[in-house]
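# the following block contains a protein sequence and its predicted model.
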Amino acid sequence: MWKVMIMDKLELRHVWKFYGEVQAVKDLSFSCKEGEFLAILGPSGCGKSSTLRMIAGIEEISKGEILLDGKVINDIEARNRNIAMAFETYALYPHLTLYENIAFPLRIRKFPKSEIREKVTEVASMLNIDDVLDKRPSQVSGGHQQRTSLARALIREASIYLMDEPLSHLDTEQRTQLRAEIKRIQKLNNLTVIFVTHDQLEALAMADRVVIMNFGVLQQIGTPEGVYDYPENLFVADFVGEPAINLVPYRVLHENGKFYGAIHDKRFPIPDRYIPIIKERFSSGKNEFILGIRPMYLTVTNDGDLAGEVYVFENLGDIGSLTVKIGDNLIRIELPPGVKFEIGENVRFRLDSDKMLIFDKEDGTRIKSYEERGG
């Protein structure tokens, strides 16, 4: 039986971007498959928009290569790259109607009027702006303007579609709605999309894979599930996920031939999958680590290994949020609705050892389990 190979639509090979002495992007390499929705995620100033502008041809590449459809495009002008782009700022022509703004890319390419009308009607219908096409940008809401900007990018057939923070100026309801529509359009039309965002919820909800950057450096690339459950380092663990992961000092003890982990003075068993690696580290003098556990993987129970004092309890409607203090450490626990605690109350809880992560205290990298290392 033949195996279908999905080719790389875009590839970055050891790409750098310098602004004078500032290194905005450092030795960046990744690829995007045909028909894939790839999100580039990171905080402000991490290099994600510079990366997108280099792909588009708006910024020059300082070092490295960018390939589109297998061809190096470093020296190809932006207008000749067959790339469509939607910007954070809507960049609409204020004197043109929404119809004319959307039609503009086709008009400059001399498409017949009948074909332009057909394509504008189709894309405007997909984005639910077909009833305001006769209005100018100043006459419609920010949500309609953003949809128009997206429609203008989507109306032409391009090798790849680049979207730079296209939802950042919208309110929560508009973002949620448009997020779903972009994802639906991308999947129904098998479009290759690179979507830049600082919003980890957007990236996890929309992308097939996520590229995570910080200070111009690639931190991790993987599926939303992969970067959430198995972050490569402390930055990714802390940046991805809402509510935020618990990251607390974790000390390894060796008593009576057995290894234990401890948070402050509360000790509990180390999962078997970590024992061989912990033994290696312990024998070389390392016993201080960082433990990571997400709030949803902690359970309040009378027979829990861990105990602490209620620091604060928040009723969030569909869930409760309990923060427990152990020594100087605050640990957040997600609770089912209807459960309530008072400040100062003593509670016991346990963590799901299958979801427990251990990080190196010195370099912040996640320690791979015995199975992950091929044991």
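That came through fine.

# let me see the domain layout of this protein.
The chain breaks down into these structural domains: 8-236, 246-360 (assignment by automatic domain parsing).

# what residues sit buried inside the longest helix anywhere in the chain?
If you go by DSSP state H, the chain has its longest helix at helix 172-188. In terms of neighbour count (16 or more other C-beta atoms under 10 Å), helix 172-188 has its buried residues at Gln174, Arg175, Leu178, Arg179, Ile182, Lys183, Ile185, Gln186. All C-beta atoms are positioned from the backbone trio N, CA, C, and that covers glycine.

# reformat those residues as CSV; add distance to Phe359.
Output for those, formatted as CSV (distance: C-beta to C-beta, whole Å):
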residue, distance to Phe359
Gln174, 37
Arg175, 32
Leu178, 36
Arg179, 31
Ile182, 34
Lys183, 32
Ile185, 39
Gln186, 34
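
# rounded mean pLDDT for the helix or strand where Trp16 lies, please.
Assigned by DSSP states H and E, Trp16 belongs to strand 8-19. Across strand 8-19, pLDDT averages out at 96.

# how about that strand: buried residues?
Result for strand 8-19 [16+ other C-beta under 10 Å]: buried residues Asp8, Lys9, Leu10, Glu11, Leu12, Val15, Trp16, Lys17.

# burial of Thr301, as a residue count?
12 (other C-beta atoms under 10 Å).

# that one contacts Asp352, doesn't it?
No: using C-beta atoms under 8 Å, Thr301 makes no contact with Asp352, being 11.6 Å away.

# what comes into contact with the strand holding Trp16?
Contacting residues not belonging to strand 8-19 are listed as 23-36, 47, 50-51, 54-55, 59, 61-70, 159-160, 192, 194, 216 [C-beta atoms under 8 Å, 6 or more residues apart in numbering].

# please apply the same query to stretch 329-338.
With C-beta under 8 Å, 6+ apart as the criterion, stretch 329-338 contacts 243-244, 246, 248-249, 263-264, 295-296, 298-300, 308, 311, 317-325, 349.

# quick one: the strands in the stretch 101-250 of the chain?
160-164, 193-197, 209-214, 217-222, 246-255 (DSSP state E, counting those that start in this stretch).

# most tightly packed of those strands?
strand 193-197 (a mean of 26; mean count of other C-beta atoms under 10 Å).

# only C-alpha atoms, please: export it in PDB.
Extracted in PDB, the C-alpha atoms of strand 193-197 (Å, rounded to 0.1, in the frame of the first residue of the first chain):
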ATOM      1  CA  VAL A 193      -1.400  29.100   7.000                       C
ATOM      2  CA  ILE A 194       1.200  30.600   9.300                       C
ATOM      3  CA  PHE A 195      -0.400  32.500  12.200                       C
ATOM      4  CA  VAL A 196       1.600  34.700  14.500                       C
ATOM      5  CA  THR A 197       0.100  35.300  18.000                       C
END
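
# neighbouring strands - and their directions - for that strand?
strand 37-41 (parallel), strand 160-164 (parallel) (DSSP bridges).

# and those strands: which comes nearest Ile290?
strand 37-41 (21.9 Å; C-beta to C-beta).

# next, the angle strand 209-214 makes with that closest one.
20 degrees (axes from the mean of the first three to the mean of the last three C-alpha atoms, to 10 degrees).

# what does stretch 359-375 contact?
Residues from elsewhere that reach stretch 359-375 (C-beta under 8 Å, 6+ apart): 230-235, 237, 247, 249, 271-277, 281, 288-292, 357-358.

# so which bits of it are buried?
Quick answer for stretch 359-375 (16+ other C-beta under 10 Å): Phe359, Asp360, Gly364, Arg366, Ile367, Lys368, Ser369.

# give me the lowest-pLDDT entry from those.
Among the buried residues of stretch 359-375, pLDDT bottoms out at Ser369, giving 79.

# so that one, which state does it fall into?
coil (DSSP: H, G, I helix; E, B strand; the rest coil).

# just the residues contacting stretch 40-54, thanks.
Here stretch 40-54 has contacts from 12, 15, 17, 24-26, 28, 59-61, 66, 85, 162, 164-165, 194-200, 203, 210-217, 219, 239-240, using C-beta under 8 Å, 6+ apart.

# next one: that stretch to chain centre, how far?
12 Å (C-alpha atoms, centre = their mean, to the nearest Å).

# same list (the buried residues of stretch 359-375) but as CSV, adding distance to Gln146.
Conversion of these to CSV gives the following (distance: C-beta to C-beta, whole Å):
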residue, distance to Gln146
Phe359, 38
Asp360, 42
Gly364, 37
Arg366, 37
Ile367, 43
Lys368, 42
Ser369, 43
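
# no further questions, thank you.
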